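1. Would you be able to build a 3D model of this:
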Amino acid sequence: MIDSSKDILYIVISFCVLWATVFLCWTMYYVGKILRDISRVIEEFRLRLHQISEIINKVHGRVETMSSILGKIFSGKMTKTSDIGQAFSDKAEDWLDDSADIAKAVARQAVQKAVDSTAKKIKKIAKKMG
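-> Presented below is the predicted three-dimensional model:
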């Protein structure tokens, strides 16, 4: 089978090529996993950025509403304090309802994510132990 040192060299080279191939496949697998995780992080960032944008737009709308109410007050269109109080309380109720809905949705997402993450960690620990 092995007649000369050249045969031994070819065997060693073939093992080196085999190990290099295994290493490259392993590296490509982990690079793919890293890219997938980066994609998920970017998608979550986009979602959060969209939510922040919505909140900023709502705050902007509320400021405009308040300025219109204050404009009516200072222009003399609303002279009774009861009218002014009613206008402010109506707007405050609307704002609280909208804010509560947004906060509930964000809280639900955060809790679900935490539960999923904890479940994955527990499964990994259980596999290691069992």
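2. neighbours around residue 44, how many?
-> Neighbourhood size, residue 44 [other C-beta atoms under 10 Å]: 12. (Each C-beta comes from the backbone N, C-alpha and C, glycine too.)
3. Which helix or strand contains it?
-> helix 5-75 (DSSP states H and E).
4. Please report how far residue 5 lies from residue 12.
-> According to C-beta to C-beta, to the nearest Å, residue 5 stands 10 Å off from residue 12.
5. Please name every helix or strand in contact with the helix holding residue 44.
-> helix 81-129 (3 or more C-beta pairs under 8 Å, 6 or more residues apart in numbering; DSSP states H and E).
6. any idea of the mean pLDDT in the helix it packs on?
-> Helix 81-129 carries an average pLDDT of 66.
7. same deal with stretch 47-55?
-> For stretch 47-55, mean pLDDT is 86.
8. same check, this time on stretch 2-11
-> The average pLDDT within stretch 2-11 is 90.
9. How much space separates residue 34 from residue 46?
-> Using C-beta to C-beta, residue 34 is found at 19 Å from residue 46.
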